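1. Fold the stuff below for me.
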Amino acid sequence: MEIKKVTQKEWLGEATKYIQGGLHRIAYVVVDSPVAIVHRKSQVDEDTCKALGYDIVESYNNAGTIVSNEGDVLIGHFAEPDNKWYDRFIAYFLEWLKAKGLNAEFTDNDILVDGYKVCGMCITRYGRIDYTGGIISVNVNLDHIKAICKKPMKKVPKGLSAYGITTAEVEQMFLDFCEGDRV
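-> As a prediction, this is how the structure comes out:
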């Protein structure tokens, strides 16, 4: 399956093309500027986003608000329904984190380290495509999240950089998984 690194500005166009075309692809973004990804703009304080330098992007999923910073990694898998990629990726990522000596677990749709959310995942079906999306947090600004989001958070996020993990390592982990995942 094709794996494509896209820019932050290309992300929604690529996702639209894959979903509407029924294309089986993997795409990812290394975030290059602060962004709040929402289902509806009313989920965030738009004035605060502007003041703090966050773009607001309305996306296809209804997974809540994602406040992302430079160096975070957004991932997307577009394939046939019920393809189990979500389960395989979560298992792989958990083992990768545990191999680094971290206390990692999967709860609901999130990967936690020491009880902090480091990755959120979702699956959304669009006709003949299951879109599996995720955000792997490397650099979190908790004060910004609290100011931007209108809905109280259930799980406190933390960036993997707090554990000494870099964006380059996360990107390589993702590519290694995709290369080895030939199902």
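2. Need the CA coordinates for stretch 108-126. CSV is fine.
-> Extracted as CSV, the C-alpha positions of stretch 108-126 are listed here (Å, rounded to 0.1, in the frame of the first residue of the first chain):
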residue,chain,number,x,y,z
ASP,A,108,-10.7,3.4,25.0
ASN,A,109,-9.3,4.9,21.9
ASP,A,110,-6.1,6.3,23.4
ILE,A,111,-2.6,5.2,24.1
LEU,A,112,-1.4,6.4,27.5
VAL,A,113,2.0,6.5,29.1
ASP,A,114,2.0,6.8,32.9
GLY,A,115,-1.7,7.6,32.6
TYR,A,116,-1.1,10.6,30.2
LYS,A,117,-2.6,10.5,26.7
VAL,A,118,0.2,10.4,24.1
CYS,A,119,-1.9,9.2,21.1
GLY,A,120,-5.6,9.3,20.2
MET,A,121,-7.0,7.1,17.5
CYS,A,122,-10.4,6.8,15.7
ILE,A,123,-12.0,4.8,12.9
THR,A,124,-14.7,6.4,10.7
ARG,A,125,-16.5,4.6,7.9
TYR,A,126,-17.2,6.5,4.7
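3. so Met173 touches Phe93, yeah?
-> Yes: with the criterion set as Cβ atoms under 8 Å, Met173 and Phe93 qualify as a contacting pair; they are 7.1 Å apart. Using the backbone N, CA and C atoms, a C-beta is placed for each residue, glycine as well.
4. Look at those two and report which has more neighbours.
-> Comparing Met173 with Phe93 by neighbour count (other Cβ atoms under 10 Å), the higher total belongs to Phe93, at 23 against 18.
5. Let me see the contact set for that one.
-> Phe93 makes contact with 104, 111, 119, 136, 173, 177, according to Cβ atoms under 8 Å, 6 or more residues apart in numbering.
6. mind running it again at 7 Å?
-> Taking Cβ atoms under 7 Å, 6 or more residues apart in numbering as the criterion, Phe93 is in contact with 111, 119.
7. what about the helix or strand hosting it, distance to the chain center?
-> In the assignment (DSSP states H and E), Phe93 maps to helix 85-99. On the basis of Cα atoms, centre = their mean, to the nearest Å, the separation between the geometric centre of helix 85-99 and that of its chain is 14 Å.
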